[in-house]
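Novice: This is a predicted model, with the sequence first.
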Amino acid sequence: MAIILGILQGITEWLPISSSGHLAIFQHYFEEEPPILFDVILHLGSLLVVSYILKDEISDFLGAVPSIIRKINGKSSFNEEERLVLLVATASVPTALFGLAFDGDIIQNFYEEMYLVGTCLIITGIVIWFSKNYNNNLSFSNLSYSKTFCVGVVQGLSILPGISRSGTTIAFLRIFGLEPIKAARFSFLIFIPAIIGATFLKLNEAGDTLEEVGLVSILLGFSFSVISSFVSIKFLLAVINSQKFHYFTPYCLMIGTFLIFESSLI
C-alpha cells in the first residue's frame with residue numbers, strides 16, 4: 001500500500017490533477033486513511049526531487065538573501081534574483097495563513113464528501129483551461145507583489161482536496177503574464193517553503209506515525225514518491241513547453257463529474 005501511495009502522490013502532486021483530491025478518492029474507495037504525517041513524508045520525497053531540479057535557482061536564491069538584508073533599509077533597487085526571493089516570500093504568507101487556519105475539521109469534511117472533491121476538481125479544470133490563451137513573456141522583475149500574493153492565496157486554497165496546487169498556481173501565473181516554463185518553475189519554488197512549513201506543523205505526530213505505518217512502509221513510500229516525482233516533473237515541463245497544459249482539463253472535468261454523480265446516487 002505504501003508503494004501505491006508513494007507513486008500516487010509523486011504523480012498527482014506535479015501533474016495538475018490534485019494530489020490531495022486523489023488521496024481523498026483513494027481513502028473513500030479503498031477505506032484506507034494513512035496518517036497525515038505519512039502524506040507529508042511522501043511530499044518530502046517530492047521536495048527532494050524539486051530541490052534537485054531547481055538547484056541552480058535555489059543557489060542563486062540563497063545567495064541573494066544577504067544582499068536583500070543590506071538593501072532593505074536603503075534606497076537601492078533589487079536585481080532579479082533578489083526580487084525573486086521577495087516574490088517567493090510574498091506568496092508564502094497567505095499560504096501559511098491558510099495552512100494554519102484550515103488545519104482541522106473543515107478540511108476533513110472535504111475528504112469525506114466526494115461531491116466536494118469533484119467540485120474542486122472541476123474548478124481546477126476550468127482554471128487550467130482559461131489559462132491556455134495566455135502566452136506572455138514577463139520576467140520576474142515585472143511580476144507585481146499583489147499578483148504574487150494572489151498566487152499565494154491560490155496555493156493556500158489547494159489545501160482543499162481537488163484544488164490542484166501545481167495546476168492553479170501555474171495557470172494564474174500564466175494569466176498574470178509569466179511565460180509557461182517560468183510559471184512552472186516559480187510554482188515549484190513556492191512549493192518548497194509550503195511543504196517545509198507543513199512538515200514542521202506535523203512533527204509532533206512523528207512517533208505515532210512510525211508506530212502505525214512502520215519504518216519499512218515509510219521508506220518504501222518515500223522512495224517511490226521520489227522516483228514518480230522525478231518522472232512527473234520532467235513530463236509536466238515537456239507538456240508545458242509544447243503548449244498542451246490545458247490537455248489536463250478533460251481529465252479533471254471527467255473525474256469531478258463522476259464523483260458528483262456518484263455522490264448523488266448514495
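Specialist: In hand now; what should we look at?
Novice: from what I can see F248 touches T12, true?
Specialist: No: using CB atoms under 8 Å, F248 makes no contact with T12, being 10.9 Å away. In short, each C-beta sits where N, CA and C put it, glycine included.
Novice: Show the pLDDT at the residue positioned nearest the centre of the chain.
Specialist: Closest to where the C-alpha atoms of the chain average out (CA atoms, centre = their mean) is R165, at 3.6 Å. You'll see R165 listed with a pLDDT of 95.
Novice: Does it touch F191 like I think?
Specialist: Yes: R165 lies in contact with F191 (CB under 8 Å); the separation is 6.9 Å.
Novice: So what touches the helix or strand hosting I4?
Specialist: Secondary structure assigned from DSSP states H and E places I4 in helix 2-14. Contacts of helix 2-14 with the rest of the structure, by CB atoms under 8 Å, 6 or more residues apart in numbering, involve 18-19, 21-23, 26, 34, 38-39, 42-43, 45-46, 49, 165-166, 213, 216-218, 220-233, 236.
Novice: What's the PyMOL line that selects buried ones from these?
Specialist: Buried subset of the contacts of helix 2-14, written as a PyMOL selection, criterion 16 or more other CB atoms under 10 Å:
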select buried, resi 18+19+21+22+23+26+34+38+39+42+43+45+46+49+165+166+213+217+218+220+221+222+224+225+226+228+229+230+232+233+236
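Novice: Could I get the contacting residues of A24?
Specialist: Neighbouring residues of A24 by CB under 8 Å, 6+ apart: F110, Y111, M114, V117, P161, G162.
Novice: can you redo those residues as TSV with pLDDT and secondary structure?
Specialist: Converted to TSV, those look like this (pLDDT from 0 to 100; DSSP: H, G, I helix; E, B strand; the rest coil):
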residue	pLDDT	secondary structure
F110	81	helix
Y111	84	helix
M114	94	helix
V117	96	helix
P161	93	coil
G162	95	coil
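Novice: what do R165 and F191 both touch?
Specialist: Listed as contacting both R165 and F191 by CB under 8 Å, 6+ apart are Q155.
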